[in-house]
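*Asks:* one predicted model, sequence on top.
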Amino acid sequence: MKITVLVPKSEFSLKQQKKLANLGEVVYTDSRREYPIGELVNIAGGSEILATDPDNLGGFEKAKSKLTVLMESLPKLKGVALASSASEWIDLGYCQKRGIVVTNVPGYSTESVAEHALGLMICLAKKIIVNDRKSQADGDSKYDLGMGFELKGKTLGIIGLGSIGSRIAQLGQAIGMRVMAYNRSPKRQAGVNLKTLNEVLSGSDILSINLACDAETYHFISTEELERVKKGVIMVDLIGPVPADKEVVDKKALATALKSGKVAAFAYEAEDLDNNPLSGIENAIGLKGFAWYTRDALDRAKAIWTDSIVSIASGKAINVVEK
């Protein structure tokens, strides 16, 4: 059995390398650079399992089309093991037609992303990032810096109580926040009051948006919803850099809410921070997507990814992505 892994061998522990070597011939790429599709076809030729990260394909934006071409060149392909929890960058319909099993890496970054979200809530509440930017621009501006507020005793509203939302709820309670949440399906969690979407929007001092990107959640938070929020609310959206046609928060509507003061501050992730409706708005803190980027999360991801590859080879795939 030939397995092609689209990351360097050195990124796996010796134990993980041995696990994979026991499956058959394993070929790795020599770096994380973007490879021309012809080179990838040559590297992966004859593979039955393809373990892929977006980097060698040119990133999430280019990955889907290049990955399809690569899969088309592999007539023996049985499975594709994705190195991320996201699966939007593979054509699941194509895989289903060919009977190719697809696995992902679920849950590896839950703690990292939840802690990152809490960190951004603190930054917004205390105006740490905005004040730092002002200080860097003018060292004598400290008396003009914005005043923050404490999170203890405030109400944290969570929209989407999945694994990350649930962990954010626990962290919020740990520092003394009251927590309410809206979830699309019924769910219970200790210390969390389940409410309607309107109740969460209107009753929260801080909002954390943690919904999955799908047809039902496109612009889930838009003009109508933003009109219901408490004046001066701060919001954090770490759903991740997604295409404009999949964004959960309507950035145009949010830009209006930020400029009017209805929303005091908003932190978000995006690939393009210069050409979107929030660009240039002082209280919109745009960051590249790196909430997941911790040593702990990466180690966990490699372990899960390795187990997924082994499971495909055994014919008993785990972490399977359904269309």
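*Replies:* Sure, I can see it.

*Asks:* now for residue 307: which residues touch it?
*Replies:* Neighbour list for residue 307: 318, 319 [criterion: CB atoms under 8 Å, 6 or more residues apart in numbering]. For every residue, glycine as well, the C-beta is placed using N, CA and C.

*Asks:* helix, strand, or coil at it?
*Replies:* helix (DSSP: H, G, I helix; E, B strand; the rest coil).

*Asks:* begin at 32, not 1, for the rest of this chat.
*Replies:* Right, with 32 as the first residue, what we last looked at is residue 338.

*Asks:* residue 337 against residue 38, yeah?
*Replies:* No. Here residue 337 does not reach residue 38: they are 11.5 Å apart, not a contact under CB atoms under 8 Å.

*Asks:* shared neighbours of the two, anything?
*Replies:* With CB under 8 Å, 6+ apart, residue 337 and residue 38 have no common neighbours.

*Asks:* show me what the biggest strand by length in the chain is packed against.
*Replies:* Using DSSP state E to define each element, the chain has its longest strand at strand 294-300. Secondary-structure packing of strand 294-300 (3 or more CB pairs under 8 Å, 6 or more residues apart in numbering; DSSP states H and E): helix 141-156, strand 264-268, helix 282-291, strand 315-318.

*Asks:* what angle do helix 141-156 and it make with each other?
*Replies:* Between strand 294-300 and helix 141-156, the angle comes out at 150 degrees (axes from the mean of the first three to the mean of the last three CA atoms, to 10 degrees).

*Asks:* for residue 80, grab phi and psi.
*Replies:* phi -130, psi 130 (degrees, to the nearest 10).

*Asks:* burial count for the nearest residue to it once chain neighbours are set aside?
*Replies:* Nearest residue to residue 80, sequence neighbours excluded (CB to CB, 6 or more residues apart in numbering): residue 34, at 4.4 Å. By the other CB atoms under 10 Å criterion, the neighbourhood of residue 34 contains 24 residues.

*Asks:* is residue 34 in a bridge, and if so with what?
*Replies:* With DSSP bridges as the criterion, residue 34 is bridged to residue 57, residue 80.

*Asks:* quick one: name whatever helix or strand follows the worst-scoring helix or strand of the chain on mean pLDDT.
*Replies:* Lowest by mean pLDDT, DSSP states H and E among the helices and strands of the chain is helix 159-168, with a mean of 83. Where DSSP states H and E defines the elements, the next helix or strand beyond helix 159-168 is strand 186-190.

*Asks:* that following strand vs helix 141-156, what angle?
*Replies:* 130 degrees.

*Asks:* give me the contact list for strand 186-190.
*Replies:* So strand 186-190 is contacted by 152, 196, 199-200, 203, 208-213, 223, 228, 231-232, 234-242, 251-252 (CB under 8 Å, 6+ apart).

*Asks:* take those and keep only those in strands.
*Replies:* 209, 210, 211, 212, 213, 223, 237, 238, 239, 240.

*Asks:* the residue nearest the centre of the chain in helix, strand or coil?
*Replies:* The centroid of the chain falls nearest to residue 271 when counting by CA atoms, centre = their mean (4.0 Å). For residue 271, the assignment made with three-state DSSP gives coil.

*Asks:* how much space between it and residue 98?
*Replies:* 19 Å (CB to CB, to the nearest Å).

*Asks:* ditto for residue 294
*Replies:* 38 Å.

*Asks:* what does residue 75 give?
*Replies:* With CB to CB as the criterion, residue 75 and residue 98 are 11 Å apart.

*Asks:* what residues go with each domain of the chain?
*Replies:* Listed domain ranges for the chain are 33-139+326-345, 141-318 (source: automatic domain parsing).

*Asks:* which of the ones you listed comes out lowest on mean pLDDT?
*Replies:* For the domains of the chain, mean pLDDT drops lowest on domain 141-318, to a mean of 92.

*Asks:* can you give me the end-to-end span of it?
*Replies:* In terms of CA to CA, to the nearest Å, the two terminal residues of domain 141-318 are separated by 18 Å.

*Asks:* same question for stretch 68-81.
*Replies:* OK, stretch 68-81 end separation, CA to CA: 14 Å.

*Asks:* ok, now stretch 233-250?
*Replies:* In stretch 233-250, first residue to last residue: 18 Å (CA to CA).
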